[in-house]
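Novice: just to be clear, the model below is a prediction. Sequence and coordinates:
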Amino acid sequence: MSYALQLGFRNVFRQRLRSLLTLGGIALAVALVIVGVSFIAGVEQTIFSEVLGEVGEITVARQDYFDRLRFNPLKYRLRDSNALRDSLLEVEGVRAALQRIDFGFLAEHGEATMGLGASAVDVEAFQRLSKLPERLIAGRYLEPGEKGILIGRQASEELGAGPGDTLTVIGRTAYESFMADDFEVVGVFDMGTKLANRRSILPLAPAQDFLEMEGAVSKILLYADDYNRAGEIAEQIRASGQLAEGIAVKAWTEDPFLGSIFTMFRAVGLMLTGIICFVAGLGVLNMMMVAVLERRREMGVLMALGMPRSGLLASFFSEAALYGLAGGVMGVILGSPLAIYLDRIGIDFQADKIQGIPFAVGSSIHGHFGPGSVVTGLVVGVLLAILGAVLPVVKTFSMGPQDAMTR
């Protein structure tokens, strides 16, 4: 057996040109797998992170708010929200918190009127957590405390309003009385769909005054250091006892809609990863099978000289393993720099040209390079190199030495 292994390793260096071509093919395939898997994982993570950036990874609100959201959500508010936000920021694993009020109102500008959805937010925290500020197509972003408003492109076109114009906002307060006030349009954003562009963003303080919700918000959105830990952190907050009676906490994993989106992204990512591995692996498999089949006469001679099948199999197995490992290492060296570039720099594109996505995305897509990408590439290279070598050898066993030498 030791002689068979030595023979396998010697064969790698016997035909140098063939060995270099084989190693190059395996290296290219492994590099393709590493780059492809890293990019797909990054796209999945980027897009889902943007979804959670809009809706929050963990939501803290009154239980009544969750149960009766369709009625009058402003009625079920969190009082003294600043103190609650500060205490939640001290929870291990929580990196950011965003106070938020979601409501609707009737907007008037000249003779035009339309209903708009609105979110009142801490504009400084929102700027850090959301990609919406990157989607401004006119004007500027909000300043804390100003009576300004950002409106979507669809709202701007239907109302005929742009930066510098004044919108009259008519809505119902938390006490179910009607209120009207003027807000200056400071910017217009484009999120890619008509529905998303019928939305508006206001600073928290003037919105609280308008809605008669001084110091109160509808909910506080929390963001974890890793969105996969949201469920764990939500359970930690529940167990801590720091929430007053009637206040509930829910992670995104408890939301059926977000769960279905995550499942869809994961399924698509796995499918694309499988396609990349299949295409790259098919090249490795075909290259190794051709390289071994060309040596069928050599196998016939060895069988005629009395080499046992186990020894012949071990010889080609060790040769294929060396090809797979060496080619895999070369592939890691070749593919890792590009995967790291995609991870850190990303691919820039024109965010305003993206259509059909109902949430804001940034102006670049990043990969996610990690040990998983490298391991996947190495496994594909080594396993398929071995499989491509072993299958022709096993098939040759069904022939006699004379048949193998004459094929």
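Specialist: Received the coordinates, thanks.
Novice: can you give me the domain assignment for this protein?
Specialist: By the assignment in automatic domain parsing, the chain contains the domains 2-51+260-406, 77-217.
Novice: okay, how far is it across the last one, tip to tip?
Specialist: In this case it means domain 77-217. Across its full length, domain 77-217 reaches 6 Å between end residues, using C-alpha to C-alpha, to the nearest Å.
Novice: quick check: buried residues in stretch 258-268?
Specialist: 258, 261-262, 265 (16 or more other C-beta atoms under 10 Å). Any C-beta I mention is one placed from the backbone N, CA and C, and that applies to glycine too.
Novice: repeat that for stretch 29-41.
Specialist: By 16+ other C-beta under 10 Å, the buried positions in stretch 29-41 come out as 29-41.
Novice: contact partners of it?
Specialist: Outside stretch 29-41, the residues within contact range by C-beta atoms under 8 Å, 6 or more residues apart in numbering are 269, 272-273, 276-277, 279-281, 283-284, 327-328, 330-332, 334-336, 338-339, 342-343, 367-370, 372-374, 376-378, 380-381.
Novice: give me the subset of the residues you listed lying in helices.
Specialist: Using DSSP state H, the subset of those located in helices is 269, 272-273, 276-277, 279-281, 283-284, 327-328, 330-332, 334-336, 338-339, 342-343, 372-374, 376-378, 380-381.
Novice: before we move on, the earlier item: list only those of the contacts of stretch 29-41 flagged as buried.
Specialist: For those, a neighbour count by 16+ other C-beta under 10 Å gives the buried set as 269, 272-273, 276-277, 280-281, 283-284, 327-328, 330-332, 334-336, 338-339, 342-343, 367-369, 373-374, 376-378, 380-381.
Novice: ok, R266 touching E44?
Specialist: Yes: taking C-beta atoms under 8 Å as the definition, R266 is a contact partner of E44 at 7.0 Å.
Novice: got the confidence number for M299?
Specialist: On pLDDT, M299 comes in at 73.
Novice: can you show me the CA trace of the helix or strand containing it as CSV?
Specialist: Here M299, judged by DSSP states H and E, is contained in helix 296-304. Only the C-alpha atoms of helix 296-304 are listed here, as CSV (Å, rounded to 0.1, in the frame of the first residue of the first chain):
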residue,chain,number,x,y,z
ARG,A,296,-6.2,3.3,-18.9
ARG,A,297,-3.4,1.5,-20.8
GLU,A,298,-1.1,2.2,-17.8
MET,A,299,-3.7,0.7,-15.5
GLY,A,300,-3.9,-2.4,-17.6
VAL,A,301,-0.1,-2.9,-17.5
LEU,A,302,-0.1,-2.5,-13.7
MET,A,303,-2.9,-5.0,-13.3
ALA,A,304,-1.0,-7.4,-15.6
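Novice: buried sites along it?
Specialist: Using 16+ other C-beta under 10 Å as the test for burial, helix 296-304 gives 296, 299-300, 302-303.
Novice: check which element follows the helix or strand of the chain with the lowest mean pLDDT along the chain.
Specialist: Least confident helix or strand of the chain, by mean pLDDT, DSSP states H and E, is helix 2-14 with a mean of 59. Going down the chain from helix 2-14, the next helix or strand is helix 16-55, by DSSP H and E.
Novice: so how far is that following helix from its chain's centroid?
Specialist: With C-alpha atoms, centre = their mean, to the nearest Å as the basis, helix 16-55 stands 14 Å off its chain's centre.
Novice: and the helix or strand following that helix, C-alpha only, in PDB?
Specialist: Using DSSP H and E, the helix or strand that follows helix 16-55 in sequence is strand 58-62. What follows is strand 58-62, C-alpha atoms only, in PDB (Å, rounded to 0.1, in the frame of the first residue of the first chain):
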ATOM      1  CA  ILE A  58     -36.400  43.800  17.900                       C
ATOM      2  CA  THR A  59     -39.600  45.800  18.600                       C
ATOM      3  CA  VAL A  60     -40.500  47.000  22.100                       C
ATOM      4  CA  ALA A  61     -44.000  48.300  22.500                       C
ATOM      5  CA  ARG A  62     -47.100  47.900  24.600                       C
END
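Novice: gap between the closest residue to G25 other than its chain neighbours and E54?
Specialist: If the residues on either side of it in the chain are set aside, G25 comes closest to M287, at 4.6 Å by C-beta to C-beta, 6 or more residues apart in numbering. Note on M287: its distance to E54, by C-beta to C-beta, to the nearest Å, is 47 Å.
Novice: so between these two, which is more surrounded?
Specialist: The neighbour count for M287 versus E54, taken as other C-beta atoms under 10 Å, is higher for M287 (21 against 18).
Novice: the helix or strand harbouring that one vs helix 16-55, what angle?
Specialist: Following DSSP H and E, one finds M287 within helix 256-293. Calculated by axes from the mean of the first three to the mean of the last three C-alpha atoms, to 10 degrees, helix 256-293 forms an angle of 180 degrees with helix 16-55.
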